[in-house]
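Asker: this one's sequence-less:
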């Protein structure tokens, strides 16, 4: 099952396409009660917390109820659509459909669930009433989004004001229909058991020590994973060093996903290297062709040059993820993976990974963004070299099929 991050294409309710390209500070705090925490020794600089949170399952329940099967999350849980629609009632269904429609209209055609979860994550998510309050009480959502620097412009603020009452009505109908009792009875016990298991498996993994070898930015010691029964087929980063994933995925998939999500955002908008890298790669014919021809449902290809940015962000993250996973003894066959993952679109990831190996950067470490800046400036990660590097990992045929 695919693991996707849905970071760069995020334009939820009018927020910037770059909304989740900055910051690694948790804004919502740590949820209390029933969490599973790692118990690694003092040498481990990563502190893991694994917990369920009803707020995220409520987001996804609205998607399942209101979206059609072209939305992957709705398709994955189509057998529960009637249950959630019955909870919502006629007015609640209308509110949910309007909310999901607004998310899709703002650029989240196939990923309204992850987009909504990211917005909700700037508030409290331990109870359904918390989520309702985030939208219903003046200032709560705005303050959270401001702290996360997720507002793009005045239009984004205006869009939020239009969406707030719709979201309040949708989540309120879900609560009135008994979703909280349903979740606590059916899902919460299993999610807490799964949280304990995953926390135990993560306890000995010092993931952030590896991230610090390659990322020149401050990293908190805390990494939080929320387990959700309705998140499939997505694993997603939310605000801060936090992610949402499914207990139904294999443990190694969730461990790899944790590595991946903590790397975002690689293309830091506050660093000049990002602008230089994108100025070069936005002109790259191979990447522009991938952006035009890849399936937009995978969430990296919005429109125009921004789609190239999505491919470069995701590709760089996947390449570094592969290096770190190998160092943590949880690597995979990258050639086979990139041939299949998201329809084989991650040509830039394969090329970057190959160059990290041949230049010794994978072993040596350093600042990944500065390295990408230097390698795009030198031409090592452009043109014929880009094509040949990717071909060395996935084969020439798999690369050439993307060329117009």
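Answerer: Thanks, I have the structure now. All figures in this text were calculated on a predicted structure; none of them were measured in a lab. Residues are numbered from 1 along each chain as shown.

Asker: And residue 162, which helix or strand is it part of?
Answerer: helix 154-176 (DSSP states H and E).

Asker: what's the next secondary structure element after that helix?
Answerer: Assigned by DSSP H and E, the successor of helix 154-176 is helix 179-186.

Asker: Can you point out the buried residues in that following helix?
Answerer: Within helix 179-186, the residues that count as buried by 16 or more other Cβ atoms under 10 Å are 179-180, 182-183. No exception for glycine: its C-beta is placed from N, CA and C like everyone else's.

Asker: In TSV, list these along with pLDDT and distance to residue 307.
Answerer: Output for those, formatted as TSV (pLDDT from 0 to 100; distance: Cβ to Cβ, whole Å):
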residue	pLDDT	distance to residue 307
179	98	36
180	97	39
182	98	39
183	98	36
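
Asker: Take the residues you listed and lay them out in TSV including distance to residue 403.
Answerer: Below are these laid out as TSV (distance: Cβ to Cβ, whole Å):
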residue	distance to residue 403
179	48
180	52
182	50
183	48
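
Asker: residue ranges with poor pLDDT in the stretch 51-200 of the chain?
Answerer: 107-109, 148-157 (pLDDT under 70).

Asker: now the helices for it?
Answerer: 54-66, 72-76, 81-105, 112-120, 128-136, 140-147, 154-176, 179-186, 188-202 (DSSP state H, counting those that start in this stretch).

Asker: Highest mean neighbour count out of those?
Answerer: helix 112-120 (a mean of 29; mean count of other Cβ atoms under 10 Å).

Asker: Please identify which helix or strand holds residue 249.
Answerer: Here residue 249 is assigned to no helix or strand, by DSSP H and E.

Asker: Report the buried residues of stretch 393-404.
Answerer: Applying 16+ other Cβ under 10 Å to stretch 393-404 flags 393-394, 398-399, 402 as buried.

Asker: Could you give the number of residues near residue 213?
Answerer: 18 (other Cβ atoms under 10 Å).

Asker: Not counting its neighbours along the chain, what's nearest it?
Answerer: residue 365 (3.9 Å; Cβ to Cβ, 6 or more residues apart in numbering).

Asker: just residue 81 next, same as before
Answerer: The nearest residue in space to residue 81 (Cβ to Cβ, 6+ apart) is residue 64, at 5.5 Å.

Asker: Quick check: the residue nearest to residue 213 touching residue 214?
Answerer: Yes. Applying Cβ atoms under 8 Å as the test, residue 365 and residue 214 come out as touching, 5.8 Å apart.

Asker: and these two? which has more neighbours close in?
Answerer: For residue 365 versus residue 214, neighbours defined as other Cβ under 10 Å are more numerous around residue 214 (21 against 16).

Asker: Give me the spatial nearest neighbour of that one, chain neighbours excluded.
Answerer: Nearest non-adjacent residue to residue 214, counting by Cβ to Cβ, 6+ apart: residue 368, 4.6 Å away.

Asker: what do you get for residue 98?
Answerer: Counting by Cβ to Cβ, 6+ apart, the residue nearest residue 98 is residue 166, at 5.0 Å.

Asker: quick one: the one you found and residue 118, what's the gap?
Answerer: 17 Å (Cβ to Cβ, to the nearest Å).

Asker: And for residue 139?
Answerer: Residue 139 is 19 Å from residue 118, by Cβ to Cβ.

Asker: for residue 53, phi and psi?
Answerer: The phi/psi pair for residue 53 (degrees, to the nearest 10) reads phi -150, psi 120.

Asker: Now do the SS call for residue 376.
Answerer: The local conformation at residue 376, judged by DSSP: H, G, I helix; E, B strand; the rest coil, is helix.

Asker: contacting residues for it?
Answerer: 276-277, 280-281, 382 (Cβ atoms under 8 Å, 6 or more residues apart in numbering).

Asker: next one: residue 221
Answerer: Applying Cβ under 8 Å, 6+ apart, the residues near residue 221 are 45-47, 208.
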